[in-house]
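>>> Next comes the sequence, and after it the predicted model I'd like to discuss.
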Amino acid sequence: MDPECSKLLPALCAVLADPRQLVADDTCLEKLLDWFKTVMETESSLHLLQDHPCLMELLSHVLKTQDVSPRVLSFVLRLVGIFAAQEDCFQYLQGELLLGLFGETGALSWTAWNMPSVRSGWIQGLCSLAHHPSALHFLADSGAVDTIFALQGDPSLFVASAASQLLVHILALAMQGGASGSPISEAAAWPICAQKIVNHVEESLHSKATPQVTQALNVLTTTFGRCHSPWTGVLWGRLSPPVACLFERDPIPAVHSLMDLLLSVARSHVLNFAACGLWEMLAQTLSRLSPTQAGPLALGTLKLQHCPQELRTQAFGVLLQPLACILKATTQAPGPPGLLDGTAGSSLTVDALLSSKSACVGLLCQTLAHLEELQMLPQCPCPWPQVPLLGATVTILRLCDGSVDPSSSMGGRLCGTLGGCVRVQRAALDFLGTLSQGTSPLELVLEVFAVLLKTLESPESSPTVLKKAFQATLRWLQNSHKTPNCSDLSPDALLFLGELFPILQKRLCSPCWEVRDSALEFLTHLIRHWGGQADFREALHSSEVPTLARQLLQDPESYVRASAVGTAGQLSSRGLQATSASPENPLAQQGLLMDLMHILSTDSEGFPRRAVLRVFTEWLRDGHADVIRDTEWFVATVLQAVSRDLDWEVRMQGLELAQVFLIQAMGQPSLHCPYTVGLPEATSPRPHPEFLQTLCRLPLFEFAFCALLDCDRPVAQKACDLLLFLRDKTTHCSGPQEAGDSPNSASVEAVLQRWREGEQGQPLGDLEPEAMLAILRSLDLEGLQGKLAKSSDHVEKSPQSLLQDMLATVGILEENEADCY
Amino acid sequence: MLDCGLDMTSTLNFLPLPLVQSPRLSNLPGWSLKDGNAFLDKELKECSGHVFVDSVPEFCLPETELIDLSTVDVILISNYHCMMALPYITEHTGFTGTVYATEPTMQIGRLLMEELVNFIERVPKAQSASLWKNKDIQRLLPSPLKDAVEVSTWRRCYTMQEVNSALSKIQLVGYSQKIELFGAVQVTPLSSGYALGSSNWIIQSHYEKVSYVSGSSLLTTHPQPMDQASLKNSDVLVLTGLTQIPTANPDGMVGEFCSNLALTVRNGGNVLVPCYPSGVIYDLLECLYQYIDSAGLSNIPFYFISPVANSSLEFSQIFAEWLCHNKQSKVYLPEPPFPHAELIQTNKLKHYPSIHGDFSNDFRQPCVVFTGHPSLRFGDVVHFMELWGKSSLNTVIFTEPDFSYLEALAPYQPLAMKCIYCPIDTRLNFIQVSKLLKEVQPLHVVCPEQYTQPPPAQSHRMDLMIDCQPPAMSYRRAEVLALPFKRRYEKIEIMPELADSLVPMEIKPGISLATVSAVLHTKDNKHVLQPPPRPTQPPSSKKRKRVSEDVPDCKVLKPLLSGSIPVEQFVQTLEKHGFSDIKVEDTAKGHIVLLQEAETLIQIEEDSTHIICDNDETLRVRLRDLVLRFLQKF
C-alpha cells in the first residue's frame, strides 16, 4: 500500500466506524473493496492488518456495537472475507472476530440481518474466505452451512442466488481438498462438509415443494457448469435417480431448471454419458415436455458436441414439429416430402398451436428463432431440410398476410390467429433471410420473391416488418443464384426488381419516416452491390426511385436525411443520379455536391452532417469526378465547414477526410510493426514543397492544430495521429530550422498557447510551411498521444483519490449537519 | 324503424352524368341483343364490354312491401349515411310518425342530400329509360343488369322540397337523452364513435333492454368515443354496420393514401379523391395537414369541390360537444378543432361549390382534388375522370368503401390513369366486435346473415365472422325474426293514499307482504293501482240490495297463510294433544302423518295441507287448528 493511502486510512476507518457519518455512495465502498482486493494480490493481509491497527479497530468496533449503517456492516463482512482468504490471516482473525461475524451468534442475530445487503455481504464474505482447508473446518463448525441452506430460499433473489453459488463453491473446495488423486467413488467417503451439502441437495430433490427442487437443481447446474473434476461423475451417479424421478411427477416441477441441469451435465467433459444414462434421460424429457418447453432443450441438445445421432434426430424433430404442422395444415394432398416422417408428438404441437393466439405466436416465434440460430452453427444438422423449411416459412408469411388458402379447418384457424401478426412476421422474415444461404429450387425462390413483394407492398405491413422484409430481400438477391465468380443478378432477380422498384417508390413517399429510412438504406445496399451492372442500372433508371431518393435530402426527419445523403452519394458514385430535373425541384438542377455542402454547413442535426462527411470521404477516396475536378477547393471547403461544427463525430470525420487527402498525396503511413521487415522506407515519396504550401493554404494545419486541443478526446487523438503522420512524412523536408527560429513560428506558438487557454477565436494567420514544420517538430506529439490514450478519469481513478473523495464527502456532510443546528 | 339507408349501388348500372358535354359518352354505341335486335339501343349503351342504362340514375329504396310504412310510429336514425332514404318514406308512404336523430346527423344528412339533389338536378337529362325494367326484357340483358333486384321499385332522386319536408319531421335528441315512446318503451341514443353525431340506440322497458348497434368505431378519430358501458346487460343486441372491408386496417390505408398521393404529385401528376363531403375527409385532411410539409408538398394546391363544401367544413368546426376530447379541448383555447381551418387560412386548401366559376380561375396543376360522388356517376368527379383519365401520370384514389371501385370505373374504360384502392372504413371489425361482445355481454346477438359466415371470397377466414356464445341469431332480407325474449312483467305504480293504507308483514327477513285491494287503471301503457271506490250508499230498493250482495268484493277476506310445518314438532304437538299411534311417511312431495287410531290422514306438502278424516268435523277442526299454529296469518 502506498504511503499516501496508509496515511489516509485511519481517518477513513474512523469515518466508517462513526454511525453519524453516512457514506452516501455505495459505489465508493465497492471501489474500496476492489482496491483492497488488488492490494491483497501482492501483499500479505496479515501484515496489512498489523501495520494498520485502524483496520482491526474498525472490525472490532463493528463487532461490538453494530451501530453502523447496514451498508458499512455489509462492507465489513466482505472486507473480513477478503482478509481471511489468506490462511495465516484467517488464523489471526479466527476466534472471536470471525465467529462473531459469521457464526450463529454473529451477523444472524443482528437487527440489520433483515437487510438483504447485510445478508448478501455475509455470503460474499464467506465466499471470499473459503479458500483453504481451515476455512472448511470453520464453516463446518460454525453452523454457517445450515444458514446458507436457509438463505437459498431468501426473499431477495440476489441473496438466494449468491447462497446457491456459495454452496457450489464450498462443495468444490471440500472436494478439491479431499481429492488427492483418483475420485472417491463412494460418496460416503467424501468430506463431511461435502456430504452435508450433497445430502441437502438430495433431500431437496425429493421435496414436494417446487421452490426447493428448483434450488437443488440450480446448485447442481452450477456445479456441473463449473467443476470438471472426476468427482462430479460420482455426484451425478448418486443424484441422477432422484432427478429422473422428477420427470415422473405430473406436472414436472421446475422444468426450466431441470433442462438447464441436463444441458449443464451434458456439456461436462468428465462424465461417461452412455454409462450414466444421460442420453436416455434427455430423450425421455424431449418426448415428455410440451412443444414450447422442449424447444430450448432441443436447441441445447443439438449444440452439444458429442451427442448420439439418434438423440440429435429426435431433438431436431422437436424443433421441426411446429413447422411440419403448419405445412400439414395448409398443404393439399400429401405433396412434397414433409419435414418429418413420424408424427409422434404432433398432436401436442397442434394443441399448442391452436390453444390460444399467444401460445401459437410464442411457439412459432421461438421455433423460428431456434432454427435460425441453428443454421448459423457448425452443429447445424446435416442434411438440412432446406426445401420444406423454406416452404413452411413462406406459408407462415402467407398465413400472416391472409393470402394462403388452407385445406383444413386447422389451417383456417391458423389463418385467423396469425393474420396480421407482426411478431411472427418479423421472426419468419429473419429466418427467411437466413434460409437464403441454402440452395433452393427455382420455383421456391420465385415463391420467396412473391411473398417478399407482397409483404413489401401490403399497406398492412408495419414499419418493423418492412425493415425485416427489406433485409431478407437483400439477402435473397445476394444469394438467390449463386454462381461462382459471378455477382450478377439472375434474370429472375431482375424481373423481381422490376416489380420492386414501383413499390420502393411508394415506400419512399410513406408518411412513416421509419419506412422511408429503411427504404433508403435498402436502396443504398442495392446500389452498392449491383450499381455497376447494366441490367440493374437500366431497371433503376426506368423508375422514379433516384429522383425520389434525391428529394428526400430535404426530408424533415434527420435520420431520413442522413440515409438520403448516403443513397444520393452512392447513386452519384455509380453515375446513377436522377437524370431529369423536375421543374418543381430546383434542387435537382444543382449539383449534388453543392447540396451536400449545403447540408454540411446548415443542417441543424448531426446525423445528416456526419453522413455527408462519410460520402465526401468515400468520394475523395474513390476519386469522384466532382471532387477531383478541384480537390483543393473541395477539401478546403469541407474543412472550413467542419472546423465550426459542434458535433465531435463530424469533426472526427473531417480529420478522416483530411487523412485520406494526405495519404493520397503523401502515401500510406509507415508501419511501425516490429515484425514487418523488408518494407523499404524509400517507397514513400517525399512531399513536394508546393504541396506543403497547399496544406498551409487549405488550411489543413490550422484545422489539425485546432483539433489537437479539442475538448473531445477522440478528436484530439485523431488529430494527434494525423499530425504524427504529417511529421513522419515531412521529416526529410525543408531546412534545418528549429522551432522558435523564425518570428512567424513564435507567433503561431503564442496563438497555440492561447488556444490551450481556451481562446480559440484567433486564426493562426498566413503561415509558411517552414514555420508549420518547425512547430510540428517542437510539439511533444508522442507524449500527447500517451496522455490521450489514457481514459479521461485516469487521474481520478487512483486509490488515493478514492480515499480523499470519501473523506471529502463526509466532510461536506459534517458542514451540512452544522448548518442544520 | 331502425334507420332508413338508401342503396346507391343501383346507380352503378347507369352512365355517368357529365357536367360538360362529353363526346366520348354521347358517342357510345347502343346495345343490341345477340340476335341483332336493337330496340334497346336508346336506353342501353355499351362501353368496354359493359352495358349501362343511359338515363337519370335511380336508387334502390328500402323494403316497402313487407310492412305498411304508414303504420310506423318512430324512425331512429343512427348516422347521416343511414337516413338517405328518409324523403322517400316520409313523403310517399303515408308516414305520420316521428324521426329521432342527433343534430349533427340531421345537419350533415341534409348536406349529403342537398349535394345529391344538386349533383343530379344541375345536369337534367331528358331521357328516362324504363323499357329495360320489363321483367321479360331484363332476363335478356347481360349481367349485372340481368341480376339487379326489384328494378321496378327503383326511383329517381327526390327533390329539395321533399328533403326539407322530410327533415322537418326529425326531432333532435342528445346523447344519453331518454325519450319516452308512448309509455311503452324508452329510447336513448349513445355515442357510437363513427361519425359526427352518430348513435347507437337503447330501446328499453322496465324489464327488457334491446340495444341497436349500428355503424360504430373504436378508433380515435374526430367523433366522440363510443359509449360501450351503456350497452351492458342487454337482452338482445342488434348488430349491424360493421366495416365493409374487414381485412383493411384504416391506419395502413391512410399511409397508403398519403404515399400514393405524394408519389403522384412528385411525378407531376394530379390526384383525384372521390369522396362524400363529410366524414373520412376530415380525417384525411388532418393527416395531410401533418404530412404535406414533411413530404415537401406545401406548394401543391388541395381543392375540395362540392355544393356543400363550405357548409361541411364550417359545420364540422361548430359541433364541439360531439367531438372527441382532444378536439373539444381545443375549442376552449380557443382554436378551431379541425386543422383544415389552418389549411384554408394558408390557402393550401381551397373549396368551391363546383368546377364552374372561381375554380376555373384558380385551378393549378399538379393538384389534389376531393370531390363527389364516390360512385363516379354524378357530381364534379365525372368531369375530372374525363379530364385526367387519359394520362398515366394522374391517380384516382378510392377511399370510400361503399362502391366497388372496379364497377365505378367501368364506364371510363379504357383508362390510363392509375387507380389506387385505399378503402378507409373505421367501423368495427370482427376482432373489435368480439371484444365488444365480451365486454357488454348481451344475452342474445341478432345480426345479418353475412356476419355469421366468412366472406364468400375468403371462405377459410374463420376470423372474419362473428364468434360469440350463444351463437348469433341471423336474419336475411325480408325475413321476420322473433326476438328471443318474452315480456313477462310490467311495472305498476301504487297511488300514495293506497300505499299508505297497506300494512306489510315481514314473513322472512327482507320480505314483507301485504294484501291490497285496488282498481288497476291502465292508460298509455302505464299501469296505476288506485284505491277502490268507496262502499256504495245503502240501497234504497230491495232489488238493488240483491245486486250489491252479489258483489264479491264486500265479503270478508280470509287471512292468507304462509310458512311451513315442521313435521317433528307437529307430531310432538299431536302427541301432547292426546293423539297416539302416530306414523309419519315420507312422500315425494312431503310427508303423510297417519293417525292410525283415529283413522285419519294428514297430507303435508309444500303448497297444501289436507286433513282426511271420516266425517268427523270436530276432529278435523281440532287438527286444522293445530296445523294453523305453525303457520303465519295476515
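Arrived safely.
>>> ok, and the closest non-adjacent residue to residue B:573?
residue B:626 (5.7 Å; C-beta to C-beta, 6 or more residues apart in numbering or on different chains). Backbone N, C-alpha and C define where each C-beta goes, glycine included.
>>> so where does that neighbour fall, helix or strand?
helix B:617-629 (DSSP states H and E).
>>> what packs against that helix?
helix B:567-576, strand B:600-605, strand B:609-612 (3 or more C-beta pairs under 8 Å, 6 or more residues apart in numbering or on different chains; DSSP states H and E).
>>> now the longest one: how far from the chain's centre is it?
In terms of C-alpha atoms, centre = their mean, to the nearest Å, the gap separating the centre of helix B:567-576 from the centre of its chain is 65 Å.
>>> Likewise for stretch B:364-382?
The answer for stretch B:364-382 is 31 Å, by C-alpha atoms, centre = their mean.
>>> what about the residue most central in space within chain A, distance to residue B:11?
In chain A, the residue lying closest to the centroid (C-alpha atoms, centre = their mean) is residue A:373, at 16.8 Å. Distance from residue A:373 to residue B:11, counting by C-beta to C-beta, to the nearest Å: 59 Å.
>>> now do residue B:601
Taken as C-beta to C-beta, the span from residue B:601 to residue B:11 is 84 Å.
>>> Check residue B:284 too.
23 Å.
>>> Tell me, please, the helix or strand in the chain that averages the lowest pLDDT.
Using chain A. Across the helices and strands of chain A, mean pLDDT, DSSP states H and E gives its lowest value to helix A:586-589, namely a mean of 46.
>>> nope, chain B
Lowest-scoring helix/strand for chain B, mean pLDDT, DSSP H and E: helix B:542-549, at a mean of 49.
>>> Checking my notes, residue B:592 in a strand, right?
Yes. Applying DSSP: H, G, I helix; E, B strand; the rest coil, one finds residue B:592 inside a strand.
>>> Now do the buried residues in stretch A:559-577.
Buried residues in stretch A:559-577, counted by 16 or more other C-beta atoms under 10 Å in any protein chain shown: A:559-574, A:576-577.
>>> Mind checking which of the residues you listed are in helices?
Residues of the buried residues of stretch A:559-577 located in helices (DSSP state H): A:559-573.
>>> out of those residues, who's near chain B?
Among those, no residue is within reach of chain B (C-beta under 8 Å from any C-beta of the partner chain).
>>> Tell me the residues of the stretch 501-650 of chain A that contact chain B?
So far as C-beta under 8 Å from any C-beta goes, the stretch 501-650 of chain A lies against chain B at A:505-513, A:515, A:544, A:547-548, A:551, A:554-557, A:582, A:584.
>>> Pull out the buried members of these.
Using 16+ other C-beta under 10 Å, the buried members of these are A:505-513, A:515, A:544, A:547-548, A:551, A:554-555, A:557, A:582, A:584.
>>> List the residues that contact the closest residue to chain B within the stretch 551-700 of chain A.
For the stretch 551-700 of chain A, the residue closest to chain B is residue A:556, as judged by C-beta to the nearest C-beta, at 4.3 Å. Residue A:556 makes contact with B:293-294, according to C-beta atoms under 8 Å, 6 or more residues apart in numbering or on different chains.
>>> for it, helix, strand, or coil?
coil.
>>> Model confidence for it, exactly?
pLDDT for residue A:556: 90.
>>> how much space is there between it and residue B:45?
In terms of C-beta to C-beta, residue A:556 sits 50 Å off from residue B:45.
>>> How about residue A:699?
From residue A:699 to residue B:45 the distance is 79 Å (C-beta to C-beta).
>>> swap in residue A:116?
For residue A:116 relative to residue B:45 (C-beta to C-beta), the value is 87 Å.
>>> do the same with residue B:266
Relative to residue B:45, and taking C-beta to C-beta, residue B:266 is found at 38 Å.
>>> what about the residue in chain B positioned nearest to chain A, neighbour count?
Nearest residue of chain B to chain A, counting by C-beta to the nearest C-beta: residue B:463, 2.9 Å away. Residues within reach of residue B:463, counting by other C-beta atoms under 10 Å in any protein chain shown, total 23.
>>> Next one: it relative to residue A:356, how far apart?
14 Å.
>>> Also residue B:415?
47 Å.
>>> can you check residue A:36 too?
With C-beta to C-beta as the criterion, residue A:36 and residue A:356 are 55 Å apart.
>>> So between these two, which is more surrounded?
Neighbours were counted for residue A:36 and for residue A:356 using other C-beta under 10 Å; residue A:36 has more, 20 against 11.
>>> Isn't that one up against residue A:78?
No. Contact criterion C-beta atoms under 8 Å: residue A:36 and residue A:78 do not qualify, at 9.2 Å.
>>> and the residue nearest the centre of chain B, what is it in contact with?
Against the mean C-alpha coordinate of chain B, by C-alpha atoms, centre = their mean, the closest residue is residue B:214 at 4.3 Å. By C-beta under 8 Å, 6+ apart, the contact list for residue B:214 reads B:2-3, B:78-79, B:82, B:192, B:198-201, B:240-241.
>>> Out of those, grab the one that's most surrounded.
residue B:198 (32 neighbours).
>>> Give me the nearest residue to it, chain neighbours excluded.
Using C-beta to C-beta, 6+ apart, the closest residue to residue B:198 is residue B:79 (3.7 Å).
>>> quick one: that neighbour and residue B:618, what's the gap?
Distance from residue B:79 to residue B:618, by C-beta to C-beta: 80 Å.
>>> Find the residue closest to the residue in the stretch 1-150 of chain A positioned nearest to chain B in space, skipping its chain neighbours.
The stretch 1-150 of chain A approaches chain B most closely through residue A:116 (42.6 Å), counting by C-beta to the nearest C-beta. Spatial nearest neighbour of residue A:116, chain neighbours left out: residue A:156 (3.8 Å); criterion: C-beta to C-beta, 6+ apart.
>>> Over to residue B:575?
residue B:582 (6.6 Å).
>>> Confirm for me that that neighbour is in contact with residue B:591.
No. Here residue B:582 lies out of contact with residue B:591, judged by C-beta under 8 Å, at a distance of 11.4 Å.
>>> count of residues packed around the closest residue to chain B within the stretch 251-400 of chain A?
As assessed by C-beta to the nearest C-beta, chain B sits closest to residue A:330 within the stretch 251-400 of chain A, at 9.7 Å. When neighbours are defined as other C-beta under 10 Å, residue A:330 has 25 of them.
>>> Let me see the contact set for it.
Contacts of residue A:330 by C-beta under 8 Å, 6+ apart are A:395, A:398-399, A:404, A:406-408, A:411, A:414.
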